[in-house]
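Visitor: Can you look at this prediction? I've put the sequence above it.
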Amino acid sequence: MNLTASMIKINGHNNDLIDAYIAKPSNEGNFPGMIVAHHMPGMDEWSLEVTRRLAHHGFIAICPNLHYRSGPGPLNEVVQKVRDSGGLVDEVAIGDIAAALTHLNNQQSIGSKVGIIGFCSGGRIAYMASAKINGIAAAIDCWGGNIIPTADRITVAQPVPPISMTSEIQCPLLGIFGNEDSNPNVDQVDSIEVELTKLGKVFEFHRYDGAGHGFFNRSSSTYRPEQSEDGWKKVLEFCGKYLD
């Protein structure tokens, strides 16, 4: 599918003007939307690749720069500032995701449904967004860490464990995890699954042996081609079920 992609500005949390990358099919027609919540390494080349990949598969996809307020500067320096500050502020991140949803809903060629996919810290954000943002039709958590945080991870910036938001989840949820990951580890994924089941949420989890954190990322030593290919297949099948 032909597509177009560009950097744009959107009004994020508190009406801050932030960067975002948008990719969309250039064909005529209406398309579902997808918000990409990037991983902790930021809105890097791989995050932009993911956004274009989704556009290739028929989505209007947008990746807001959740690290924008820690810039400008080289990406590695910006990311280190985020890490040094204890990570993203949940309230601000959710505000930026809500702004991306608003931007998609204002697109003339958008269909009626918008989903969110997140990776690493972005997976955690996708989990929270499914509970806190009205209008998200499906959420995909790819190895989101700290959904069940240790005590030292409860901070002013991230004061509420996402697992405690599970009762508020408003849409179907897909989870993609590597069984060799340490955050989330197998026991944490088990506990999340138990909570979702207990609360009667619509969800499906897929777990992969021989894969750890970030196994979709072709630019990383953690990349696992076979597991990644199957994981992407599961993502697109899930989207076909809930976003078409």
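Guide: Yep, it's here. Numbers count the residues shown, from 1 in each chain.

Visitor: Please count neighbours and contacts with C-alpha atoms only from this point.
Guide: Will do.

Visitor: got a list of contacts for the lowest-mean-pLDDT helix or strand in the chain?
Guide: Every helix and strand in the chain was compared by mean pLDDT, DSSP states H and E; the lowest is helix 75-84, with a mean of 86. Identification of contacts with helix 75-84 by Cα atoms under 8 Å, 6 or more residues apart in numbering yields 40-42, 44, 67, 70-72, 88.

Visitor: cutoff 7 Å now
Guide: 41-42, 70-71, 88 (Cα atoms under 7 Å, 6 or more residues apart in numbering).

Visitor: If we go by neighbour counts, what in that helix is buried?
Guide: By neighbour count with 16 or more other Cα atoms under 10 Å, helix 75-84 contains the buried residues 75, 78-79, 81-82.

Visitor: again, but for stretch 189-207
Guide: Judged by neighbour count (16+ other Cα under 10 Å), stretch 189-207 contains these buried residues: 189, 192-193, 195-196, 201, 203, 205, 207.

Visitor: any idea how far residue 118 lies from residue 128?
Guide: To residue 128, residue 118 is 11 Å away according to Cα to Cα, to the nearest Å.

Visitor: Then residue 235?
Guide: Taken as Cα to Cα, the span from residue 235 to residue 128 is 18 Å.

Visitor: When the two are compared, which one has more neighbours?
Guide: residue 128 (25 against 19; other Cα atoms under 10 Å).

Visitor: so which strand or helix has residue 237?
Guide: helix 225-242 (DSSP states H and E).

Visitor: What would the one helix or strand residue 175 maps to look like as CSV? C-alpha coordinates only.
Guide: Taking DSSP H and E as the definition, one finds residue 175 inside strand 173-178. Provided in CSV are the C-alpha atoms of strand 173-178 (Å, rounded to 0.1, in the frame of the first residue of the first chain):
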residue,chain,number,x,y,z
LEU,A,173,-6.5,-5.9,25.4
LEU,A,174,-3.8,-7.9,23.6
GLY,A,175,-0.5,-8.8,25.4
ILE,A,176,2.7,-9.9,23.7
PHE,A,177,5.5,-11.1,26.0
GLY,A,178,8.8,-12.9,25.9
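
Visitor: ok and the helix or strand following that strand relative to strand 173-178, angle-wise?
Guide: Tracing the chain past strand 173-178, the next element assigned as helix or strand by DSSP H and E is helix 186-198. Taking axes from the mean of the first three to the mean of the last three Cα atoms, to 10 degrees, one finds that helix 186-198 is oriented at 160 degrees with respect to strand 173-178.
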